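Student: Prediction below, plus the sequence it came from.
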Amino acid sequence: MRKIIGIVLIVVALFLGYLGITDLNESSRSVELLGMEITAQDGNTKEKAFMELGLGVVALVAGIYLLGVRKK
């Protein structure tokens with residue numbers, strides 16, 4: 001049972017990492033105007049992306065721990 005939960009947590013971690021990186025890339029937009037580049041960032045989307053990445057790291061660590069624990 002622990003191995004199944006560990007594998008599920010690792011898959012969830014990979015999914016959350018993908019979502020976090022995608023949201024982080026989409027949180028800023030650039031426009032070139034008269035030879036100058038103007039960048040705008042969305043703080044809420046960036047905060048959400050960092051939360052997804054953080055939860056992904058926690059899920060990955062928990063999944064690896066569950067796969068590595070030996071049953072006594």
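Tutor: Cool, the structure landed. Numbers count the residues shown, from 1 in each chain.
Student: Touching stretch 30-44 from outside, list them.
Tutor: With contact meaning C-beta atoms under 8 Å, 6 or more residues apart in numbering, stretch 30-44 is reached by 27-29. Quick note: C-beta positions are derived from backbone N, CA and C, even for glycine.
Student: That one: end-to-end distance?
Tutor: Counting by C-alpha to C-alpha, to the nearest Å, the length from the leading to the trailing residue of stretch 30-44 is 17 Å.
Student: could you say which helix or strand contains Ala40?
Tutor: Ala40 is part of strand 36-41 when elements are defined by DSSP states H and E.
Student: Who wins on neighbours among the contacts of stretch 30-44?
Tutor: Within the contacts of stretch 30-44, Ser27 tops the neighbour count with 18 neighbours, counted by other C-beta atoms under 10 Å.
Student: wait, that residue sits on Glu52?
Tutor: No: using C-beta atoms under 8 Å, Ser27 is not in contact with Glu52; the gap is 11.6 Å.
Student: Identify the residue spatially nearest to Asp23, adjacent ones excluded.
Tutor: For Asp23, ignoring the flanking residues on the chain, the nearest one in space by C-beta to C-beta, 6 or more residues apart in numbering is Ala49 at 3.7 Å.
Student: If anything else comes up later, I'll come back, but that's it for now.
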